[in-house]
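1. Predicted model follows, preceded by the sequence.
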Amino acid sequence: MFALRWLVLTSVAVLTTSCAWVQPSRSEWKGAVDHQVAQLGYRNWIVVSEASFPAHSRAGVRQVPAPVEIPEAVDYVLNALERTENLRPRVYLTRELRSVENDFAPGIDVFRERILGSLHGHEVTELEQRSLLTLLEDANRSYDVLVVRTQTALPYTSVFLELQPGYWDSDSETRLRDTIERERMQKLVRPF
């Protein structure tokens with residue numbers, strides 16, 4: 001009888017918590033981000049998004065709601081990536097962000113100052129949001145995407161992170177390819 005009562009109570013608890021969307025606490029979202037980042041690798045993406053960022057139903061897109069603003073979430077995600085040491089982000093901001101006026105989006109000037117401080121000195125590439133969403137969709141055909149949805153309610157403020165190997169950069173790759181090409185050319189000149 002006890003086992004049956006326990007089973008019923010557990011089932012009710014699971015059903016009620018899984019059917020309702022629950023806003024995670026300030027620390028729960030961090031645990032979810034840590035768990036997800038540990039599973040990501042080269043060519044995966046992380047988007048720290050504004051509140052209106054579209055939900056994706058495609059497999060491979062994971063979403064973590066974060067009860068914080070974008071600068072705080074970006075700072076936390078970058079710290080999580082730095083702890084892995086095997087990944088480094090290529091950071092993208094929307095080109096539109098620099099043109100949004102405070103008169104139309106109150107708070108955007110303060111946001112621009114705060115976001116620069118949360119980027120840990122990473123170089124930033126600006127692309128139009130439409131281009132970034134296209135890159136994200138293309139990547140999602142083969143790779144995972146983590147969306148950390150924040151409470152920020154300002155347009156064009158999402159931060160896109162394309163993950164790169166932390167121990168191998170584009171300069172190293174270029175040098176390797178140059179070396180391989182030189183060796184190939186030497187074999188063509190001297191086949192023996």
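-> In hand now; what should we look at? Residues are numbered from 1 along each chain as shown.
2. Okay, and the beta partners of the residue nearest the centre of the chain?
-> Taking C-alpha atoms, centre = their mean, the centroid of the chain lies closest to Ile46, which sits 1.2 Å from it. Assessed by DSSP bridges, Ile46 has beta-bridge partners Leu146, Leu161.
3. Go ahead and confirm it touches Leu163.
-> Yes - using C-beta atoms under 8 Å, Ile46 is in contact with Leu163, at 7.0 Å. For the C-beta atoms, the positions are set from N, CA and C on the backbone; glycine is no exception.
4. Quick check: neighbours shared by those two?
-> The contact sets of Ile46 and Leu163 overlap at 40, 89 (C-beta atoms under 8 Å, 6 or more residues apart in numbering).
5. partners of the helix or strand harbouring Val64, with directions?
-> In the assignment (DSSP states H and E), Val64 maps to strand 61-65. Strand partners for strand 61-65, identified by DSSP bridges, are recorded as strand 145-149 (parallel).
6. as a whole number, average confidence for the strand it pairs with?
-> Average pLDDT, strand 145-149: 96.
7. Just the helices from the chain, written as ranges.
-> 2-19, 28-39, 70-84, 108-118, 129-140, 170-189 (DSSP state H).
8. Select, out of the ones you listed, the one closest to Ala51.
-> helix 70-84 (9.5 Å; C-beta to C-beta).
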